[in-house]
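**Student:** can you look at this prediction? I've put the sequence above it.
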Amino acid sequence: ALRFSGDPPGLAVSQVYGLAPILGYRRRFSPTLELTALALPALNSDLREVRGADLTWGGLVRVVRRVNPRLSYRATLGYRQQFYGPQYVLLLGLDWQAGSRWRLFGDLPTTFTVSYALAPRVNAGFNLLGLNTAYRLHEQDRYFQYQQGHYGLFAETYLSSHWVVRATVAYAVTRRLGVFAKNDQWPATLDYVGLGTAPSPLSEPINKGLTFRFAVSYRVPQR
């Protein structure tokens, strides 16, 4: 659930919901090669009048190549229906334990983390988080697009062997929160980057600026 405060002109959206079950299959062909296929149905709506048009479909395939226990590469290819138009997924990722203190991991261009171990239970570093999704609105069958690209710095500490708290301060290099007419869509998007002529929002633009995030995680070590 996403909740919004304030009342920007034309952006009469207070709350939207996303339900996204994941069905997948993973096969390990060898100790160094792994394939994952995921089906990605989603129900994104303000839930004021749920109907079949609220449902979208998608899927992706990911291949992981492990070079050694400290380095692996991956590539992801997929497609998702979105209310703002077709979304194609093309991600190149890695997970690299670059020494005893440095770790680099993520799937560009949507996520990437550079982490440095300041102490055995304390990490800090850089974080990129990109997001591009949309929700159908009951009013006049419009949709609400939620697109952001955050570049920031984080610090985290382990409270125990599994529980971690992280604080992040970032700048929204990309920020597009707006209401759009049903048939006004992007020709296509690649991950969270729009391609072609952008749709015209019915609401006033939201300024870019700082974002703050606090997260609590439960992590399971990889074997």
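**Tutor:** It's in.
**Student:** now the longest strand along the chain - C-alpha only, PDB.
**Tutor:** Assignment by DSSP state E gives strand 163-180 as the longest strand of the chain. The C-alpha trace of strand 163-180 is given here as PDB (Å, rounded to 0.1, in the frame of the first residue of the first chain):
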ATOM      1  CA  TRP A 163      18.200  -8.700  11.800                       C
ATOM      2  CA  VAL A 164      19.500  -5.500  10.100                       C
ATOM      3  CA  VAL A 165      18.500  -1.900  10.200                       C
ATOM      4  CA  ARG A 166      19.400   0.500   7.400                       C
ATOM      5  CA  ALA A 167      19.100   4.200   7.000                       C
ATOM      6  CA  THR A 168      19.300   5.800   3.500                       C
ATOM      7  CA  VAL A 169      19.400   9.400   2.300                       C
ATOM      8  CA  ALA A 170      19.100   9.800  -1.500                       C
ATOM      9  CA  TYR A 171      18.300  12.300  -4.300                       C
ATOM     10  CA  ALA A 172      15.500  11.500  -6.700                       C
ATOM     11  CA  VAL A 173      17.200  12.000 -10.000                       C
ATOM     12  CA  THR A 174      14.000  10.700 -11.700                       C
ATOM     13  CA  ARG A 175      10.700  11.400 -10.100                       C
ATOM     14  CA  ARG A 176       7.400  11.100 -12.000                       C
ATOM     15  CA  LEU A 177       4.200  10.800  -9.900                       C
ATOM     16  CA  GLY A 178       1.200  11.800 -12.000                       C
ATOM     17  CA  VAL A 179      -2.300  11.000 -13.100                       C
ATOM     18  CA  PHE A 180      -2.800  10.200 -16.800                       C
END
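**Student:** immediately after it, which helix or strand?
**Tutor:** Per DSSP states H and E, strand 163-180 leads on to strand 188-190 as the next helix or strand towards the C-terminus.
**Student:** mind listing the strands that following strand pairs with, and their directions?
**Tutor:** strand 87-98 (parallel), strand 193-195 (antiparallel) (DSSP bridges).
**Student:** rebuild the ones you listed as CSV, extending it with mean neighbour count and distance to S72.
**Tutor:** C-beta: built from backbone N, CA, C; applies to glycine. CSV is the format used below for these (neighbours: other CB atoms under 10 Å; distance: least, CB to CB, whole Å):
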stretch, mean neighbour count, distance to S72
strand 87-98, 16, 5
strand 193-195, 16, 25
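**Student:** among those strands, which is nearest F154?
**Tutor:** strand 87-98 (17.4 Å; CB to CB).
**Student:** buried residues, whichever helix or strand comes after the closest one. List them.
**Tutor:** Proceeding N to C from strand 87-98, the next assigned helix or strand is strand 102-108, under DSSP H and E. For strand 102-108, a neighbour-count test (16 or more other CB atoms under 10 Å) marks 103-107 as buried.
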